[in-house]
Structure formats: structure tokens, C-alpha cells
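Enquirer: Just the structure for this:
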Amino acid sequence: MEDYLAALENELRALVVAPSRAYAPYYGMLKYHLGWTDAHFASIKTDTGKHIRPLLCLVSCETVGGAWQPALPVAAAIELAHNFSLIHDDIEDQGDERRGRAAVWKVWGLAQGLNAGDGMFVLARLAIDRLFQRGLDVRKCADISLVFDEATLALCQGQFLDLSFESRFDVTLAEYIQMIRGKTAALIAASTRIGAMLATDDPTLIDAFDRFGANIGLAFQITDDILGIWGDATVTGKSAATDILSKKKSLPAIIGLRHPQHGAALRAIYSQPSLTQDDVARVLALLDAVDARAQTQSQADEFRAAALGALDTTGIENRAMDRLREIADAMTRRVK
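Expert: Predicted coordinates for the structure are as follows:
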């Protein structure tokens, strides 16, 4: 999908531009986070992320019959909104690294990190304005803007729930699904919904792409939860012990913590101020005892099937639909 990615990067680079020399370091922080520069603002080639959300937007638009190029402004907006959330997420989780490099706040401090995240979000909003500048109907621009704003608010609400779960051992499956529906799935659903909106006014088609995005977003996050504990570190880029050491309330952990027989032992381990590698081994053994991995995979499979089922209802068969299914497969590939 190199054509999509190259055009998306051009759109992003046209947005992240300092208006004067005085603000060059500020925009440099944004470029650093996006993977375009090092901490001294020298151009480099490094990990810029998978761009899953903007790709879903562009390919969804093409699948329904539209040209994907006019969707670039909102695809860029979605990518910038996602990165705004990552900058703030690193601060909220006190994460030292992002994509194998020091997080923005670790390089420039907490205050500048917050300000960089705020600026990234405003640039996302300005990117949406480019739809109107390029001739899109004002009513449709307003409708797309509303979907985008509702999704980013849902993302923030989901992050609130995720943070509130940190001190709890009684998080339910329903609460977890509510949290990831906001934190992860909302922006993905907006990506596919907006992509369809740009190509059609058919509410049935738009709803199908919304359901696809929401369900593949849920499956994506649950798959990530599996990778966070059992994934191959050479593929995921982080130790499989990371989610356990941080006591993250991922779905496998929630299943274990709520288990009537083994939950008490797991809660006792998670109640410690910090965990050791021996604790990680004990947690893994307990999760195996409650069959947490298989239960988690079953949930991911259920949402993945619902997502693909939503696409099936459209009756569309074209090369773009094949690409959309390929992206869905890559997002939810089983952990071996």
C-alpha cells in the first residue's frame, strides 16, 4: 500500500510546518514524535507507526467507490489525533519510550510534552478544514467533523476508564469492553465510517462500515492484549513481561483476577508495589491455569467475525475490499 502511505506522509508533512522560526523547536517535537527527526531535529528514517487508522479511512472510501485521494485530509487528521493520544498516553502511563525511542515528555519535559500533544490535536482539527478548502460540500464537512469529534471524545473517555482501572481488581468484562470501545475502537470506527461517508450517502453502507470499524477495533485491542503477554518480543518490540510488570488490566489479567479459584493468588501478586521476574512467571502460570489466553482469543475471534460479517452485508467485491480484509487480518492475526 505504498501509494497510500506516500500520499499520507506528504499530507502530514504539509500540516506539521512551523509558521515562523521561533516555533521551529515546537514543531520539531511533533516531527520527532512522528518519526521524522531525531531529538536534535535532524532528519532521520525511523519507525513512524503502522498508520492503520488512516489506511482504513482511505481504503474504505475506495471500497465504496470513491477516489481515495480526496480523503487524505481527514486520513491525516485521524493519524494526528491518534498521535496526540499517544503523546498524552506516555505521560499518563509514565512511559519512557515510544516506538523504541525516548517519549516526547522524557526528552523535553512534562509541560512541553503536554503542549506538544495539545498542538497535535489542534493540527488534526485544522486538517479536517482542508476538506472544505478542496471543495467538499459544507454539510458533509460538518457531518464528518462531528463524527471525528465524537470519536476523539470517546477516546478520552476510554482513557479515563483505563486509568481508573489501575487501582481496581474487580473490573468486569462489560467495563473492559466499554473502555476499549472508547479508547481504541472509537477512532478506528470513525476511520471506516468517514471513509464510507466520503464516497456515499447510503446510510446502510455507512452503518456497515461503522460496524466493521468498531468490531475490528475491539478485536485489534484484544489481540494486542494477547501480544502484550504472550507475544514474540522480536515482533512486538517489547518484552512479553511488560504488561504484567506494569500490572495492566488487560483482558487476560481481568479474567485471571476474577477467577473464583485462582483470582485471590493473582490479586495478592498484583497488590505488591512492584513485580519481579519471578512474579511474572507466577502470573503466567496462574493465567495458564484459568485458560485466560484461550478465553481472550475467543473474544477477539468473536469481534473479528462480527467485523467481517458487517463487510459481507455490503455485497461489495473489488480490489479495495480485498485490501480492507487484508488490513483486518493483519490487525487481528492470531498469536502463535
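Enquirer: quick one: low-confidence ranges for the stretch 51-200 of the chain?
Expert: The stretch 51-200 of the chain contains no residues with pLDDT under 70.
Enquirer: where do the strands sit along it?
Expert: Ranges of strands in the stretch 51-200 of the chain, per DSSP state E, counting those that start in this stretch, are 97-98, 101-102.
Enquirer: what's the closest of those to residue 194?
Expert: strand 97-98 (25.7 Å; CB to CB). Heads up, the C-betas are built off the backbone N, CA and C, glycines and all.
Enquirer: which outside residues touch that closest one?
Expert: If you take CB atoms under 8 Å, 6 or more residues apart in numbering as the criterion, strand 97-98 is touched by 33, 86, 90, 103, 104, 106.
Enquirer: got the contact list for the spatially closest residue to the third one that is not a sequence neighbour?
Expert: With sequence-adjacent residues excluded and distances taken as CB to CB, 6 or more residues apart in numbering, residue 90 is closest to residue 103, at 4.0 Å. By CB under 8 Å, 6+ apart, the contact set of residue 103 is 87, 90, 91, 95, 96, 97, 113.
Enquirer: Please name the residues that touch the second one.
Expert: With contacts defined as CB under 8 Å, 6+ apart, the neighbours of residue 90 are 98, 103, 104, 105, 106, 113.
Enquirer: and the spatially closest residue to residue 96 that is not a sequence neighbour, how many neighbours?
Expert: Closest residue to residue 96 apart from its sequence neighbours, by CB to CB, 6+ apart: residue 106 at 5.5 Å. Per other CB atoms under 10 Å, the neighbour tally for residue 106 reads 18.
Enquirer: Now do the same contact list for the residue nearest to the spatial centre of the chain.
Expert: Nearest to the geometric centre of the chain sits residue 184, at 5.0 Å (CA atoms, centre = their mean). Residue 184 makes contact with 158, 217, 218, 220, 221, according to CB under 8 Å, 6+ apart.
Enquirer: farthest pair in these?
Expert: 158 and 220 (13.6 Å).
Enquirer: Can you report how many residues neighbour residue 260?
Expert: 7.
Enquirer: Let me know the secondary structure of it.
Expert: At residue 260 the chain is in coil, as set by DSSP: H, G, I helix; E, B strand; the rest coil.
Enquirer: likewise residue 223?
Expert: Per three-state DSSP, residue 223 ends up helix.
Enquirer: I figured it was touching residue 330, is that so?
Expert: No - contact criterion CB atoms under 8 Å: residue 223 and residue 330 do not qualify, at 10.3 Å.
Enquirer: picking that back up, drop anything exposed from the contacts of residue 103.
Expert: Taking 16 or more other CB atoms under 10 Å as the criterion, what is buried in the contacts of residue 103 is 87, 90, 91, 113.
Enquirer: List the residues that contact the third one.
Expert: Each residue near residue 91 by CB under 8 Å, 6+ apart is listed here: 103, 105, 110, 113, 114, 117.
Enquirer: returning to what we had before: which one (most neighbours) among the contacts of residue 184?
Expert: residue 217 (28 neighbours).
Enquirer: helix or strand for that one, which one?
Expert: Using DSSP states H and E, residue 217 sits within helix 203-230.
Enquirer: can you list contacts of stretch 56-68?
Expert: Residues contacting stretch 56-68 (CB under 8 Å, 6+ apart): 1, 4, 8, 70-72, 74-75, 78, 188, 191-196, 198-200, 205, 209, 213, 316, 318, 320-321, 323-324, 327.
Enquirer: Equivalent analysis for stretch 285-300, please.
Expert: Against stretch 285-300 from outside (CB under 8 Å, 6+ apart): 219, 222-223, 225-226, 229-230, 251-253, 255-256, 259, 261-262, 265-266, 269, 332, 334-335.
Enquirer: Just the buried residues from these, in PyMOL please.
Expert: Selecting the buried subset of those in PyMOL, with 16+ other CB under 10 Å as the burial test, is done by:
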select buried, resi 219+222+223+225+226+229+230+251+252+253+255+256+259+262+265+266+269+332+335
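Enquirer: just to revisit the earlier point, in helices, which of the contacts of residue 103 fall?
Expert: 87, 90, 91, 113 (DSSP state H).
Enquirer: Could you find the closest non-adjacent residue to residue 152?
Expert: residue 81 is the one closest to residue 152 (CB to CB, 6+ apart), at 5.4 Å.
Enquirer: Just give the number of residues close to that neighbour.
Expert: 26.
Enquirer: Next up, the contacts around residue 158.
Expert: 178, 179, 180, 181, 182, 183, 184, 186.
Enquirer: What subset of those is buried?
Expert: Judged by 16+ other CB under 10 Å, buried ones among the contacts of residue 158: 179, 180, 181, 182, 183, 184, 186.
Enquirer: Out of those, which sit inside helices?
Expert: Using DSSP H, the buried ones among the contacts of residue 158 in helices are 179, 180, 186.
Enquirer: show me where pLDDT drops low in the stretch 201-336 of the chain?
Expert: 233-240, 334-336.
Enquirer: now the helices for it?
Expert: 203-230, 233-236, 242-245, 251-257, 263-270, 277-289, 292-312, 319-331 (DSSP state H, counting those that start in this stretch).
Enquirer: which residues touch the fourth one?
Expert: This means helix 251-257. With CB under 8 Å, 6+ apart as the criterion, helix 251-257 contacts 169-173, 176, 222, 225-226, 229, 243-244, 247, 249, 262-263, 266-267, 270, 283, 286-287, 290, 292-293, 295-296, 299.
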